[in-house]
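K.L.:
following is a predicted model, sequence given first.
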Amino acid sequence: MRAMTFKNYSGIACAALLYAASWAADPVVVQKTFPTPEAAVQALIAAAGSFDVEALKAIAGPYGVALVVTSEPVLGKVQGAEFVAQGRV
């Protein structure tokens, strides 16, 4: 009975370690800061204009990644171009 308990705990411990390792391996998105709101807008328009996904992720931050990365990249590019056109008005 004691070996069975140890076996159960070792399985749970292994599962927890694997989960923690997979969570720690996720890339961390650090949000970029800007000296002025105008600088932030210019960086956003420039990144959207060239569809620089990494720059857009840095500008949007960890909670804005879903705004940048979509399941349809073509639609994302079209929306990015429309955003840039509106931003330059």
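P.N.:
Perfect, I can see it now.

K.L.:
quick one, helices of this structure?
P.N.:
2-24, 37-49, 53-60, 65-68, 73-87 (DSSP state H).

K.L.:
give the buried residues for the fourth one.
P.N.:
This means helix 65-68. residue 68 (16 or more other CB atoms under 10 Å). C-beta: built from backbone N, CA, C; applies to glycine.

K.L.:
against which helices or strands is that helix packed?
P.N.:
helix 53-60 (3 or more CB pairs under 8 Å, 6 or more residues apart in numbering; DSSP states H and E).

K.L.:
ditto for the third one
P.N.:
Using 3+ CB pairs under 8 Å, 6+ apart, the elements in contact with helix 53-60 are helix 37-49, helix 65-68.

K.L.:
for that helix, which positions count as buried?
P.N.:
Counting neighbours by 16+ other CB under 10 Å, helix 53-60 gives 55, 56, 57, 58, 59, 60 as buried.

K.L.:
just put those residues in CSV and tack on distance to residue 76.
P.N.:
Below are these laid out as CSV (distance: CB to CB, whole Å):
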residue, distance to residue 76
55, 14
56, 9
57, 12
58, 16
59, 15
60, 13
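
K.L.:
kind regards, and thank you for your time.
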